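**Q** I'd like to go over a predicted model; first the sequence, then the structure.
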Amino acid sequence: MNEPLAERIRPKKLDDYISQQHLVGKNGILTNHIKKGIIPSLILWGPPGIGKTTLANIIAKESQRPFYTLSAISSGVKDVREVIEKAKNSGGLFTTKNPILFIDEIHRFSKSQQDSLLGAVEKGWVTLIGATTENPSFEVIPALLSRCQVYILNSFDKEDLIALIDRAMQKDTVISKRKIELLETDALLRVSGGDARKLLNIFELLVNSENDPVQITNEYVLENVQKNTVHYDKTGEQHYDIISAFIKSIRGSDPNGAVYWLARMIEGGEDVKFIARRLLISASEDIGNANPTALILANNTFQAVSVIGHPESRIILSQCAIYLANSPKSNASYEAIGKAQQIVKNTGDLSVPLHLRNAPTKLMKDLDYGKNYKYSHSYENNFSAQEYLPDEITNHTFYEPGNNARENAFREHLKTLWKDKYNY
């Protein structure tokens with residue numbers, strides 16, 4: 001049988017779908033939509049091999065709608081228009097059973113391709129379901145995004161992945177006939193990286209590599225995966241591991257590591273805008289105010305590669321990656337917002353102190369909104385000590401300057417200003 005295991009055991013109904021209970025559980029959002037028979041246009045956002053295509057098929061089947069599919073890799077505007085015309089003839093404006101148009105990897109669609117979908121979605125000729133591994137806010141044009149709900153699919157946890165293997169051993173017409181002893185799973189789960197499709201393909205490879213009884217151990221997995229990597233390892237499936245190595249090289253101030261992993265991504269066909277976005281994040285998260293110019297350069301890099309594209313953009317990405325790797329490092333801003341968000345979660349919506357409130361009306365002024373606020377520019381050195389936090393968390397320190405030249409100067413400045421309030 002040529003059909004791979006992942007295809008043979010692909011769920012056909014909602015009850016068989018593993019994980020994503022927030023979407024397809026008993027009270028899940030999509031479950032309720034299907035029950036009501038009203039499916040909005042939506043974007044399914046999640047990592048590879050998480051079941052986005054499967055979920056789109058199930059939604060169409062359980063809502064009893066015609067289903068059309070396109071791949072953003074191989075389809076152009078002409079293909080989009082042809083499919084929309086077919087869908088238009090099988091559905092219509094005045095029926096809730098309008099066809100579903102599924103577009104895999106919608107983030108790879110150009111602006112013109114996405115524009116060609118707008119009319120059909122807006123007029124109700126189709127219900128669009130897009131699947132993407134990238135943040136839709138960056139990759140889907142605003143006009144289309146505003147017409148879609150975005151649903152996030154979470155990575156599989158260990159129990160989900162083991163449940164997939166158990167299903168294959170019990171229900172697959174081929175695997176269920178084999179004598180398999182699943183003795184250890186750690187290596188199997190690790191090499192699959194949370195990708196269900198990859199997990200099942202590796203599992204099938206392991207089973208087919210040995211006569212019965214097949215004993216699946218960590219050692220057996222690692223030996224066979226290394227020997228047969230070519231059979232299952234696709235460039236796109238290393239997406240998260242390689243970008244992680246790239247960012248960690250920058251964080252670790254190793255320009256050689258950064259350039260190597262950058263080259264791996266470029267040679268593998270990675271989207272240059274995705275790389276540039278990660279450089280932007282690193283410039284703020286890992287370098288921050290130790291060198292604020294890093295964020296400016298990273299932002300300019302993103303703008304430049306958006307205009308220039310491949311292959312010349314590799315030079316700009318290399319320059320930026322090397323600059324960031326060589327920059328002094330500070331995660332103080334990253335830590336500060338994390339601490340502040342945790343306080344907000346723990347304390348809720350604390351009241352804004354009266355003197356900091358806006359007072360656009362007479363009533364608000366009568367209620368002392370803005371009373372006793374000290375306008376900083378009216379005081380010496382443009383500073384006047386006053387409370388800027390709610391009473392419940394007064395004197396709480398979120399920002400701790402990093403140990404680098406620029407932020408050490410920040411620390412001394414803050415000590416001078418806030419010597420009686422914060423402990424810098």
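**A** Structure's in. What do you need?
**Q** now the end-to-end length of stretch 352-367.
**A** 14 Å (C-alpha to C-alpha, to the nearest Å).
**Q** just stretch 381-393 next, same as before
**A** End residues of stretch 381-393 are separated by 27 Å (C-alpha to C-alpha).
**Q** now stretch 392-403
**A** 30 Å.
**Q** buried residues in that stretch?
**A** Neighbour counts over stretch 392-403 (16 or more other C-beta atoms under 10 Å) mark 398, 399, 400, 401, 402 as buried. Just so you know, the C-beta spots here come from the backbone N, C-alpha and C atoms, and that holds for glycine as well.
**Q** List the contacts of the fourth one.
**A** Contact partners of residue 401, counting by C-beta atoms under 8 Å, 6 or more residues apart in numbering, are 289, 330, 332, 407, 408, 410, 411, 414, 424.
**Q** now swap in the second one and tell me
**A** If a contact means C-beta under 8 Å, 6+ apart, then residue 399 has 332, 333, 336 as its contacts.
**Q** Go again with 6 Å.
**A** Residues in contact with residue 399 (C-beta atoms under 6 Å, 6 or more residues apart in numbering) are residue 336.
**Q** How much space separates it from residue 351?
**A** With distances taken as C-beta to C-beta, to the nearest Å, residue 399 is found 22 Å from residue 351.
**Q** Quick check: phi and psi on residue 70?
**A** Backbone torsions for residue 70, taken as degrees, to the nearest 10, come to phi -140, psi 150.
**Q** Any regions of the stretch 101-250 of the chain where pLDDT drops low?
**A** 226-239 (pLDDT under 70).
**Q** ok so, going back, mind giving me the PyMOL select for the contacts of residue 401, buried ones only?
**A** The buried residues among these can be selected in PyMOL (16+ other C-beta under 10 Å) with this line:
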select buried, resi 289+330+332+407+410+414+424
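**Q** picking up where we left off before, closest to residue 190 out of the buried residues of stretch 392-403?
**A** residue 402 (33.7 Å; C-beta to C-beta).
**Q** Would you quantify the distance from the residue of the chain most remote from its centre to residue 354?
**A** Most distant from the centre of the chain: residue 366, at 47.6 Å, with distances by C-alpha atoms, centre = their mean. Using C-beta to C-beta, one gets 12 Å for the distance from residue 366 to residue 354.
**Q** cool, residue 81 as well?
**A** For residue 81 relative to residue 354 (C-beta to C-beta), the value is 59 Å.
**Q** and what of residue 3?
**A** 69 Å.
**Q** and if you look at residue 184?
**A** Taken as C-beta to C-beta, the span from residue 184 to residue 354 is 63 Å.
**Q** now do residue 198
**A** 57 Å.
**Q** quick one: which of these two has more around it?
**A** residue 198 (19 against 15; other C-beta atoms under 10 Å).
**Q** All the helices of the stretch 51-200 of the chain, residue numbers only.
**A** 52-62, 77-90, 111-123, 136-139, 142-145, 158-171, 186-192, 196-208 (DSSP state H, counting those that start in this stretch).
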